[in-house]
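[1] the following block contains a protein sequence and its predicted model.
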Amino acid sequence: MSLPKPVMRGLLGKRLRFHAPIAVVLSIVAAVAFKYGVTEPRKQAYADFYKQYDAVKEFNAMREAGVFESVRPTGE
């Protein structure tokens, strides 16, 4: 009783026909999950932040705190 020889011819092609579509589908699922799980909430957070962001007010607060070396506070 001997074991039958393994079929080596065409093995890569046979394995790729099975695994390549699975890899493509999983990569598409991962890309869609990343888009709606990470990038869309991040874009919404930025939009919410900049709706009420006042750059002049922030600049004046930093100027008063002495963050900038080249800009004097208004009190001097």
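    Yes, it's here.
[2] and the closest residue to Val71 other than its chain neighbours, what helix or strand is that in?
    Once flanking residues are discounted, Val71 sits nearest to Arg63: 5.1 Å by CB to CB, 6 or more residues apart in numbering. Backbone N, C-alpha and C define where each C-beta goes, glycine included. Using DSSP states H and E, Arg63 maps to helix 55-65.
[3] kindly report the same for Val24.
    helix 11-34.
[4] and what of Leu3?
    Per DSSP H and E, there is no helix or strand for Leu3.
[5] state the pLDDT value of it.
    pLDDT, Leu3: 91.
[6] can you check the one 4 residues further on too?
    Note for Val7: predicted pLDDT of 85.
[7] just Thr74 next, same as before
    63.
[8] residues touching the helix holding Val24, excluding its own?
    The contact list for helix 11-34 (CB atoms under 8 Å, 6 or more residues apart in numbering) is empty.
[9] after that helix, next one along is what?
    As assigned by DSSP H and E, the chain's next helix or strand after helix 11-34 is helix 40-51.
[10] now that following helix, how far from the chain's geometric center?
    15 Å (CA atoms, centre = their mean, to the nearest Å).
[11] sorry, back to before: can I assume the residue nearest to Val71 is in contact with Ser70?
    No - using CB atoms under 8 Å, Arg63 makes no contact with Ser70, being 10.2 Å away.
[12] between those two, which is the more surrounded one?
    Arg63 (14 against 4; other CB atoms under 10 Å).
[13] and the gap between that one and Leu3?
    Applying CB to CB, to the nearest Å, the value for Arg63 to Leu3 is 82 Å.
[14] repeat for Ala33
    44 Å.
[15] over to His19?
    For His19, the distance to Leu3 - CB to CB - is 25 Å.
[16] residue ranges with poor pLDDT in this structure?
    73-76 (pLDDT under 70).
[17] can we see that at 80?
    1, 71-76 (pLDDT under 80).
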